[in-house]
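Undergrad: Model the structure of this input:
(chains A and B)
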2 protein chains.
Amino acid sequence: MDLDLMRELSVKTDSKIVLLVLDGLGGLPMEAGGQTELEAANTPNLDSLAATSDLGLSRPVTAGVSPGSGPGHLGLFGYDPLRFQVGRGVLSALGVGFELGESDLAARVNFATLDDSGRISDRRAGRIPSEKGEGLVKLLNDNLEIEGVETFVMHEKEYRAVAVFRGEGLSGDLADSDPQRTGLEPLAVKPTEDSPETEKSAKIANAFVQQANDILAYQHPANTVLVRGFGMHPALPSFDEAYKLGAAAIASYPMYKGLARLAGMELQKEGEGIVGEFETLKKSWGGHDFFFVHVKPTDAAGEDGDFERKAKVIEEVDALIPDLLDLGPDALAITGDHATPARLKSHSWHGVPFLLHSQYTLPTAEAFGERACAGGSLGVFPAEEIMGLLMGHALKLNRFGA
Amino acid sequence: MDLDLMRELSVKTDSKIVLLVLDGLGGLPMEAGGQTELEAANTPNLDSLAATSDLGLSRPVTAGVSPGSGPGHLGLFGYDPLRFQVGRGVLSALGVGFELGESDLAARVNFATLDDSGRISDRRAGRIPSEKGEGLVKLLNDNLEIEGVETFVMHEKEYRAVAVFRGEGLSGDLADSDPQRTGLEPLAVKPTEDSPETEKSAKIANAFVQQANDILAYQHPANTVLVRGFGMHPALPSFDEAYKLGAAAIASYPMYKGLARLAGMELQKEGEGIVGEFETLKKSWGGHDFFFVHVKPTDAAGEDGDFERKAKVIEEVDALIPDLLDLGPDALAITGDHATPARLKSHSWHGVPFLLHSQYTLPTAEAFGERACAGGSLGVFPAEEIMGLLMGHALKLNRFGA
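TA: Got it, this is the predicted structure:
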């Protein structure tokens, strides 16, 4: 999306937009001739909505490329995911619910094993259990003292953690210390570009590793840390700046809350499960003009290869559609951030079913499904265009040119 | 469109191309389950043509954005409308039929009212009638004398006029004098970029306003002018340069004549109404190899919210299609510059039905309409690609690469 154009053309109005994301919605037939998860699910409400909506297949990032949650959502929000890259460290920090500041430097941390000769013998420290990992993180937080920055270490899971360095003049242009192979010594962290900021940041990262080595010296097998995926907060123009939208986010998982916060959305306190999220939407309705609602279990079921469960989650959402429509959104998009076909048990590059409901649509089918969407009036289009479409259908864009 | 590639690959041949633009052709159903204007119109000739044509939905500018006539047509002609922006002053000058030169600076002029304290009390001078506006324009032309430039003021309608400054070293990078609100003093015109050209141009614009104030001092309520939308002739590569086409334009309205002239097309003296335009096409047939034919009333009916009238205009064009086919165009495109759904009473962002007839097509439907086009072999595609398609179908492009 051309965000400068959006900034130029967008106007503040009373109309309301909902972007309902069923994570990993796109699917595939399990065998030749079969239906996808969405096609197989019993979705009377989505189907009748489709009959008065524009349909299309949205494509995240680029042909053949399976996006992670970061680029998947940045695209949905209208940011070019190839331009605004969010480092793994930043996503990890967002994922544990850390409120990343604009000058914070984040990195993924793995506990690992060094042998007596100083070489890495296990890059995952024997996959230590989560309780052990938590304890080690506490040990680090209690003892680290790096000059010039405040240091936060947060536990993710098992041997995985994330470190955030808070200070002035930092940079994420640093190479990993993880050599990606056992039998080698860890690498010193080096700048990938020359600047006072990268030099300072590399010093801090190396001090972190050195101090961690001292602190963990007697914690075999977790007697060292490997750091990678350095990154800073991506300086995204906020929804308010780009679209003049007061945006609310309703999401249960820290990662998606974090991604929404990067876009300047206001997090709403969500209720229990999908039903709870829809209740929160209703409660938040008066205070905002854009609502991002994130439903996670579709993706989780797809990752598990559980076709039936993914279809069931879709049916659960379908049952809530009448409540959503009762709110009277002026423009409503229902889609995913990427496909997660149970067939593949992973994120994939396939087109994602996309439905846009407003008063100004050109319906082409009586059902919501991948193949109905493929023949829709929106065609196959980049996910990055979704925000432009929503802004247009909500009559929030001035005419371009005389 | 990559115009450098077109310049490289295009060859002069005997084949002839027609681009028939029904302004604002794209439409929407008036209510759920209904048909669009084009779908509802009785168009036996267009339908049978569709059955031997490529179909698609062309999208102007970008997702969700409703284009004005300027960007709409630049896109149809293969120019990137985001790169080649045509200021409102330039469009106004083109719209009154002024032959804008390449170094001319144009601006929109509104007659307005200043109160005794020098503040704007009415930005439209009480919407003075057109005869009054014409008289004031004459008064300005008779008395203005701005050093270093020749000045032309042309009347548009009521309180609206356009000024063109002809001289050397001018620039359109100037901010408006119109503060867009009453109760404020008019702004001095200031450069938006620093250069000798913008400085000179700002001086000229401010001299224009000052002299106009003196000339209009006793013409209350039209005792001042507000100037905005400064711009220069956009330096477009001509059709001859870009495509090696000797292009003719057949249009009734000054704005579209002007846009065609920007592209280096030769204006043909049109006859009365749509029938007259098609007669002109026939008469011009021998002398050119590209014909832009512009039909305005579809857009006007859409803007009026008159679904029936828009359908009737389409039927009027349909009746003339056999005459057009008798001429034997090698490649014929029928489309719009944007949608103007009667439902919205304005230009819109929706896909525009597109039909391309040649000997080398892959037909997919038996009717010409938005939904038939959505399922066409061209899919949903940027309007900027239309010229490339026409050049290809007319066999006017060499192979790219060995």
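Undergrad: Might you name the residue of the stretch 151-300 of chain A sitting closest to chain B?
TA: Scanning the stretch 151-300 of chain A for the residue nearest chain B gives residue A:243, at 10.6 Å (criterion: Cβ to the nearest Cβ). The way it works is simple: take the backbone N, C-alpha and C, and place the C-beta from them, glycine included.
Undergrad: give the contact list for the spatially closest residue to that residue that is not a sequence neighbour.
TA: When the adjacent residues along the chain are set aside, residue A:243 lies closest to residue A:10, with 5.0 Å between them (Cβ to Cβ, 6 or more residues apart in numbering or on different chains). Taking Cβ atoms under 8 Å, 6 or more residues apart in numbering or on different chains, we find residue A:10 in contact with A:242, A:243, A:244, A:245, A:391, A:396, A:397, A:398.
Undergrad: Select only the buried ones of these in PyMOL?
TA: Buried residues among the contacts of residue A:10 (16 or more other Cβ atoms under 10 Å in any protein chain shown), as a PyMOL selection:
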select buried, chain A and resi 242+243+244+245+391+396+397
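Undergrad: CSV for the contacts of residue A:10, including secondary structure?
TA: Supplementary listing: the contacts of residue A:10 in CSV, determined by DSSP: H, G, I helix; E, B strand; the rest coil:
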residue, secondary structure
A:242, helix
A:243, helix
A:244, coil
A:245, coil
A:391, helix
A:396, coil
A:397, strand
A:398, coil
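Undergrad: quick one: which of the contacts of residue A:10 is nearest residue A:104?
TA: If you rank the contacts of residue A:10 by distance to residue A:104 using Cβ to Cβ, residue A:242 comes first, at 22.5 Å.
Undergrad: what about residue A:257, neighbour count?
TA: Other residues near residue A:257 number 21, with proximity taken as other Cβ atoms under 10 Å in any protein chain shown.
Undergrad: Pretty sure it sits in a strand.
TA: No: with the criterion set as three-state DSSP, the secondary structure at residue A:257 is helix rather than a strand.
Undergrad: separation between it and residue A:313?
TA: In this view, residue A:257 and residue A:313 are 20 Å apart by Cβ to Cβ, to the nearest Å.
Undergrad: so what's the closest residue to chain B within the stretch 51-200 of chain A up against?
TA: The minimum distance from the stretch 51-200 of chain A to chain B, using Cβ to the nearest Cβ, falls at residue A:52 (4.9 Å). Each residue near residue A:52 by Cβ under 8 Å, 6+ apart is listed here: A:357, A:361, A:363, B:32, B:33.
Undergrad: Quick check on those residues: which are buried?
TA: By neighbour count, with 16+ other Cβ under 10 Å, those hold A:357, A:361, A:363 as buried.
Undergrad: and the top strand by length along chain A, which strands flank it?
TA: Secondary structure of chain A per DSSP state E: the longest strand is strand A:104-114. Here strand A:104-114 has these sheet partners by DSSP bridges: strand A:120-122 (antiparallel), strand A:160-166 (antiparallel), strand A:224-232 (antiparallel).
Undergrad: Now tabulate these in a markdown table and tack on mean neighbour count.
TA: Converted to a markdown table, the strands paired with strand A:104-114 look like this (neighbours: other Cβ atoms under 10 Å in any protein chain shown):
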| stretch | mean neighbour count |
| --- | --- |
| strand A:120-122 | 18 |
| strand A:160-166 | 22 |
| strand A:224-232 | 24 |
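Undergrad: Out of these, which gets nearest to residue A:179?
TA: Using Cβ to Cβ as the measure, strand A:120-122 is the one of the strands paired with strand A:104-114 that comes nearest residue A:179, at 7.1 Å.
Undergrad: what is the mean pLDDT for that closest one?
TA: Average pLDDT, strand A:120-122: 96.
Undergrad: Walking through chain A, point out its strands one by one.
TA: Taking DSSP E as the criterion, chain A carries its strands at A:17-22, A:53-59, A:104-114, A:120-122, A:150-157, A:160-166, A:224-232, A:247-250, A:266-267, A:290-295, A:331-335, A:352-357, A:380-382.
Undergrad: for the fifth one, which positions count as buried?
TA: Going back to what we said before, that points to strand A:150-157. Judged by neighbour count using 16+ other Cβ under 10 Å, the buried positions of strand A:150-157 are A:151, A:152, A:153, A:154, A:155, A:156.
Undergrad: got the contact list for the third one?
TA: Applying Cβ under 8 Å, 6+ apart, one finds that residue A:153 lies in contact with A:109, A:137, A:140, A:141, A:144, A:161, A:162, A:163, A:164.
Undergrad: what residues are up against the residue in the stretch 201-350 of chain A positioned nearest to chain B?
TA: Shortest the stretch 201-350 of chain A-to-chain B distance, computed as Cβ to the nearest Cβ: residue-wise this is residue A:331, at 9.6 Å. Contacts for residue A:331 were tallied using Cβ under 8 Å, 6+ apart; they are A:15, A:16, A:17, A:18, A:356, A:357, A:358, A:390, A:391, A:393, A:394.
Undergrad: Thanks again, I'm all set now.
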